[in-house]
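Engineer: pasting the structure only:
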């Protein structure tokens, strides 16, 4: 029984452990090859896209559509829809499309923050107070 156990142990050390290591390494190599293939496909797609945009007309179209650029001597005019179209109610994230703030609410906000700032630095005098006031824009 002991010789059979020794033969089995030696067989496991010599055959089984290297084979499992090789099997795991092969699966890692396969996964890496799949990643390389995906990156090569992305690279080829980007090269094709770069070739399609490399013409002068395509560059101008891309600059006009995505970056709102115009040629020298031209001016860009954007016509915004009226209030009845419901376009303003959609939140697009563009602050230019947001409704204007009421002046009364803006002044009350400024008065409250200036009063807060005035009470914050009343104990500071001289150079330190001036220095802190100049750095208030960091808040």
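Structural biologist: Noted; the coordinates are in hand. Please read these numbers as outputs of a predicted model, since none were measured by experiment.

Engineer: Would you state the helices of the protein in chain order?
Structural biologist: Chain-ordered helices for the chain, with DSSP state H as the definition, fall at 2-11, 17-53, 56-67, 103-120, 126-134.

Engineer: Can you flag the weakest of those by average pLDDT?
Structural biologist: In terms of average pLDDT, helix 103-120 trails the rest of the helices of the chain, at a mean of 54.

Engineer: one step back: residue 97: which of the helices of the chain is closest?
Structural biologist: The closest of those to residue 97 is helix 56-67. By Cβ to Cβ, the value is 17.8 Å. Yep, even glycine has a C-beta here, placed from its N, CA and C like the rest.

Engineer: The closest one versus helix 17-53: what angle between them?
Structural biologist: For helix 56-67 against helix 17-53, the angle between stretch directions is 100 degrees (axes from the mean of the first three to the mean of the last three Cα atoms, to 10 degrees).

Engineer: still on that earlier bit, got JSON lines for the helices of the chain, with mean neighbour count and distance to residue 80 too?
Structural biologist: JSON lines is the format used below for these (neighbours: other Cβ atoms under 10 Å; distance: least, Cβ to Cβ, whole Å):
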{"stretch": "helix 2-11", "mean neighbour count": "9", "distance to residue 80": "80"}
{"stretch": "helix 17-53", "mean neighbour count": "10", "distance to residue 80": "29"}
{"stretch": "helix 56-67", "mean neighbour count": "11", "distance to residue 80": "18"}
{"stretch": "helix 103-120", "mean neighbour count": "10", "distance to residue 80": "21"}
{"stretch": "helix 126-134", "mean neighbour count": "11", "distance to residue 80": "39"}
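
Engineer: export those to CSV and tack on distance to residue 73?
Structural biologist: Written out in CSV, the entries for the helices of the chain read as follows (distance: least, Cβ to Cβ, whole Å):
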stretch, distance to residue 73
helix 2-11, 84
helix 17-53, 24
helix 56-67, 14
helix 103-120, 38
helix 126-134, 43
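
Engineer: Can you check which of those gets nearest to residue 82?
Structural biologist: The closest of those to residue 82 is helix 103-120. By Cβ to Cβ, the value is 22.6 Å.
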